[in-house]
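Visitor: Give me the fold of what follows.
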Amino acid sequence: MEISLKRVVSIGTLLVSLIALVLLLKKPAPVGRPQAPALIAQNAKSFDQKLDDFEQATSTPAGAVDSDLASSKAEVRINSDEVSAVLAQSFGNSGTAGTPTSDEGAAAPVIKDQQVSFEGDLVHGQFLTQIAGKDVWITISGHLGERDGYATFDPTEFKVGDLNVPVSLVNPALQKKLSEERDRLKLPDNVGNLKVENSQLVMQQK
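Guide: Take a look at the predicted model:
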C-alpha cells in the first residue's frame, strides 16, 4: 500500500509532538537532595547564624578594628542545603508562598516544590509549577552577580520538564521580568559583591 508523503509528514509531526509532550511532563533529574524536617530546621538556623555574623562583622564602627584587619572585607559563604532549607520554610513545604495575590496579579505562578544547588560557579534551580493544569518542573541554571547594588542573573540553561529550551528564547522575557521586580533584587547596603564560587553562595562586604 502506497503511503503519501503528506501522510508520512503528518505521522512524523504527531510523533514529535507526542515526544515533546512526554518530555515536558517528565520529571527531570533532581538538582538537589531532599532534607528531613529536622535537617531543614538545622540548616535554616545555620543560615540565619551566618547572616547574623556577617551583619555584625560589617557593622563594626570605623576605628574599632585593628589596622591589620582594616583592609580585609568580611564575607559569608552559604551552601545549597542552607539556602534550600530557608526556601522550604518560606514556602511552608506546601507551595502556598507562590499563590497569586491581588498585589502579584492573577498570572503569578504557584510554586508547589523547589530545589536549589550550587555547582562550581553556577546556581541550579528547579521549581514545580502548573502549566495548563499539569504539574511541570522548570529547571534553570546560570550565574549570580551584582551590578549597582542589585542582584543579577544570567541564565546558561533552561528546561521545561526534560525538554531543553534555548536560552536565547527565554532570556529576553526573563530579564524583562527581573527588571520589573528590580526592587526585590536590591542587595542590603552592607553587601558589595554576590556570586557563586566553589559551590557556595558568597556575599562580600561593600
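
Visitor: CA atoms for contacts and neighbours, from now on please.
Guide: Fine.

Visitor: neighbouring contacts of the host helix or strand of Gly145?
Guide: Per DSSP states H and E: Gly145 is located in strand 134-147. By C-alpha atoms under 8 Å, 6 or more residues apart in numbering, the surrounding residues in contact with strand 134-147 are 24-28, 121-130, 151-161, 192-196.

Visitor: Need the buried ones from those selected in PyMOL.
Guide: Selecting only the buried entries of those in PyMOL, with 16 or more other C-alpha atoms under 10 Å as the criterion:
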select buried, resi 24+25+26+27+28+122+123+124+125+126+127+128+129+151+152+153+155+156+157+158+159+160+161+192+193+194+195+196
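
Visitor: Quick one: the helices in the protein, in order.
Guide: Shown for the chain, the helices assigned by DSSP state H span residues 5-25, 37-58, 67-70, 80-91, 167-180.

Visitor: worst average pLDDT in the ones you listed?
Guide: The minimum mean pLDDT among these belongs to helix 67-70 (a mean of 50).

Visitor: where does the most centrally placed residue in the chain land on pLDDT?
Guide: Residue closest to the average C-alpha location in the chain (C-alpha atoms, centre = their mean): Gly125, at 4.0 Å. The per-residue pLDDT reported for Gly125 equals 91.

Visitor: Look up how far Glu55 lies from it.
Guide: Note on Gly125: its distance to Glu55, by C-alpha to C-alpha, to the nearest Å, is 26 Å.

Visitor: Could you do Ser72 as well?
Guide: With C-alpha to C-alpha as the criterion, Ser72 and Glu55 are 15 Å apart.

Visitor: In terms of neighbours, single out the busier of the two.
Guide: More crowded of Ser72 and Glu55, by other C-alpha atoms under 10 Å: Glu55, with 18 against 9.

Visitor: Once you drop chain neighbours, what's closest to that one?
Guide: Nearest non-adjacent residue to Glu55, counting by C-alpha to C-alpha, 6 or more residues apart in numbering: Asn190, 7.7 Å away.

Visitor: who touches the one you found in this structure?
Guide: Glu55, Thr58, Ser59, Gln205, Lys206.

Visitor: Can you report how many residues lie near Gln56?
Guide: If you count neighbours by other C-alpha under 10 Å, Gln56 ends up with 11.

Visitor: Equivalent analysis for Asn43, please.
Guide: Asn43: 22 surrounding residues under other C-alpha under 10 Å.

Visitor: which one is it nearest to, not counting chain neighbours?
Guide: Nearest to Asn43 is Glu82, by C-alpha to C-alpha, 6+ apart, at 4.7 Å.

Visitor: State the number of residues packed around the one you found.
Guide: The number of residues packed near Glu82 is 23, by other C-alpha under 10 Å.
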